[in-house]
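Asks: Just the structure for this:
(chains A and B)
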There are 2 protein chains.
Amino acid sequence: MTDFQASSPGEPADDGRQSTRKRTAIMEAATTAFLHHGYLGTSMDAIATAAGVSKQTVYKHFADKQHLFSAIVITTVNDASDPVYNEVRDLQDSGDIEADLRDLARRQLAVVIQPRLMQLRRLVIAEAGRFPELGRTFYEQGPGRTIAALAATFEHLAARGVLQLQDPLLAASHFNWLIMSAPLNEAMLLGRDEPLKPADLRRHADTGVRTFLAAYGRRTERFVDAWVSGDGTKDALQASEYEEPRR
Amino acid sequence: MTDFQASSPGEPADDGRQSTRKRTAIMEAATTAFLHHGYLGTSMDAIATAAGVSKQTVYKHFADKQHLFSAIVITTVNDASDPVYNEVRDLQDSGDIEADLRDLARRQLAVVIQPRLMQLRRLVIAEAGRFPELGRTFYEQGPGRTIAALAATFEHLAARGVLQLQDPLLAASHFNWLIMSAPLNEAMLLGRDEPLKPADLRRHADTGVRTFLAAYGRRTERFVDAWVSGDGTKDALQASEYEEPRR
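Replies: Residues are numbered from 1 along each chain as shown, chains lettered A, B, ... in the order given. Okay, the predicted model is just below:
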């Protein structure tokens, strides 16, 4: 394959912009071909033809089909998740954790349940038995990256006393899947590729956040609020008991 | 296709046991073929040959490929989930909800992350865009059925005061995905078909149950325990505030 990586004599050396344009055209043509014909059913020849470039040009940009597919996964998943990723980091300074988690969850869900991303995910799963590296790339760039970023933010929030948790990575995984799982599994199994209806999106995100905060939210704060409005009857209970983490 | 559904003149009428044996042989051969060659890549001819029966016999048992595939999904998913399904119903009389939910979660996870079921799930997802009915069957017999059973049981447990919830179906969905999602998504995307290691299985199940109960467990009971051991200082808080569901 490396023979093809130098420019071939028949083609003029691309300048930067032309090269970028060709690379984009190849990736777009390849994405369409993969989604229609599957990974095995798509050849580098067919991709070159669809992109309107020579096969040599395809190999100049991508060493082989697996590298091309990986580049598509990385670009598609990153383009989708970069804005959410930045929002996750901003969350550590949150002054209203419930509202901010809800905003994040809605945004994150809208991004993940995009038709193109769902189709790509289905294709990756279809090929994961034969080509586990494709799935690993999707996993690491997608849920793996989001959960790692959430974990760092949740650790910061726990240090501030805004959340109560002992294992930030576990809490991040629970947050992610409380929001994502129901709509994601429906999309995967039922073949739904259209975006969620706004009301459904809000429902999944908001109920997931409520359950997450019921488990990981700061208990002390809720108790103090209650104490302020309480009447000190014999129903009264000791707050310190509830600061002890259950997880 | 209906022409094939009556026995053809060349074959003697099957007695019941022979018919059941042939049906089983067809389904086993078809499962292997589907998992190796995909849904589109498997023909009824190939299935007949692999099962050692005539094509007419295949069509006598299954009207077409989609019916055969549906029968495989229903049988495989039901065989796996029937014992768990019964355990979910028994849970409504639980005297130790944490221990019983943990047992259930471990069993449920072990059943779902079976290699054969994971391979079938991957195949169904691969074809869900083209054949959403296949995915719908898998969804309804698998997670849909489990979540519906959990919802009925959780409603009963809430009436007994063992859980606190307003929407049993939502609580059931959260329980299911808190337990399943992380290992299921890893299996799907990373192409892992081996069973979970016992320690990993327990970790996923037990941490999911803890988070579920932190959100949906009976707060009153925890408060009463605390009150009994409490000293009634100014940290004391009103219990009634916490019986108000947050979800």
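Asks: Need the pLDDT of the residue nearest in space to the middle of chain A.
Replies: Nearest to the geometric centre of chain A sits A:Gly142, at 3.8 Å (Cα atoms, centre = their mean). Note on A:Gly142: pLDDT of 90.
Asks: so what's the closest residue to it other than its chain neighbours up against?
Replies: Using Cβ to Cβ, 6 or more residues apart in numbering or on different chains and skipping residues adjacent in sequence, the residue nearest A:Gly142 is A:Val77, 4.8 Å away. Where you see a C-beta, it was placed from the backbone N, CA and C, and this is true even at glycine. Contact partners of A:Val77, counting by Cβ atoms under 8 Å, 6 or more residues apart in numbering or on different chains, are A:117, A:120, A:138, A:141-142.
Asks: all helices for chain A, in order.
Replies: For chain A, applying DSSP state H gives helices covering A:16-37, A:44-51, A:55-61, A:65-90, A:97-112, A:115-127, A:132-139, A:145-159, A:168-190, A:198-216, A:219-229, A:240-243.
Asks: what does the fifth one rub up against?
Replies: I take that to be helix A:97-112. A:80-81, A:83-84, A:87-88, A:91, A:94, A:117, A:142, A:146, A:157, A:162-163, A:175, A:179-180, A:183-184, A:195-196, A:201-202, A:204-206, A:208-209, A:212-213, A:217.
Asks: Mind doing that once more with 7 Å?
Replies: Helix A:97-112 has contacts (Cβ atoms under 7 Å, 6 or more residues apart in numbering or on different chains) with A:80-81, A:84, A:87-88, A:91, A:94, A:157, A:162, A:179-180, A:183-184, A:196, A:201-202, A:204-206, A:208-209, A:213.
Asks: same thing with stretch A:171-187?
Replies: Looking at what lies outside stretch A:171-187 - Cβ under 7 Å, 6+ apart - the contacts are A:105, A:108-109, A:112-113, A:118, A:143, A:146-147, A:150-151, A:154, A:165, A:192, A:196, A:204-205, A:208, A:211-212, A:216, B:143, B:173-174, B:177-178, B:181-182, B:211.
Asks: Buried members of those into ChimeraX, please.
Replies: In ChimeraX, selecting the buried portion of these, with burial taken from 16 or more other Cβ atoms under 10 Å in any protein chain shown, looks like this:
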select /A:105,108,109,112,113,118,143,146,147,150,151,154,165,192,196,204,205,208,211,212,216 /B:143,173,174,177,178,181,182,211
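Asks: can you pull the buried residues of stretch A:124-144?
Replies: Buried, per 16+ other Cβ under 10 Å, within stretch A:124-144: A:124-129, A:131, A:134-144.
Asks: send the alpha carbons of that stretch over as PDB?
Replies: Taking Å, rounded to 0.1, in the frame of the first residue of the first chain, the C-alpha atoms of stretch A:124-144 are listed here in PDB:
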ATOM      1  CA  VAL A 124     -19.900  -0.400  13.100                       C
ATOM      2  CA  ILE A 125     -21.900  -2.900  15.200                       C
ATOM      3  CA  ALA A 126     -22.700  -5.000  12.200                       C
ATOM      4  CA  GLU A 127     -18.900  -5.300  11.500                       C
ATOM      5  CA  ALA A 128     -17.700  -5.400  15.100                       C
ATOM      6  CA  GLY A 129     -17.400  -9.200  15.100                       C
ATOM      7  CA  ARG A 130     -15.100  -9.200  12.000                       C
ATOM      8  CA  PHE A 131     -13.400  -5.800  12.600                       C
ATOM      9  CA  PRO A 132     -13.300  -5.000  16.300                       C
ATOM     10  CA  GLU A 133     -10.900  -2.200  15.700                       C
ATOM     11  CA  LEU A 134     -13.600  -0.200  13.800                       C
ATOM     12  CA  GLY A 135     -15.900  -0.600  16.800                       C
ATOM     13  CA  ARG A 136     -13.100   0.300  19.200                       C
ATOM     14  CA  THR A 137     -12.500   3.600  17.400                       C
ATOM     15  CA  PHE A 138     -16.200   4.400  17.500                       C
ATOM     16  CA  TYR A 139     -16.400   3.500  21.200                       C
ATOM     17  CA  GLU A 140     -13.300   5.500  22.200                       C
ATOM     18  CA  GLN A 141     -14.200   8.600  20.200                       C
ATOM     19  CA  GLY A 142     -17.900   8.500  21.100                       C
ATOM     20  CA  PRO A 143     -19.200   7.200  24.500                       C
ATOM     21  CA  GLY A 144     -15.700   6.500  25.900                       C
END
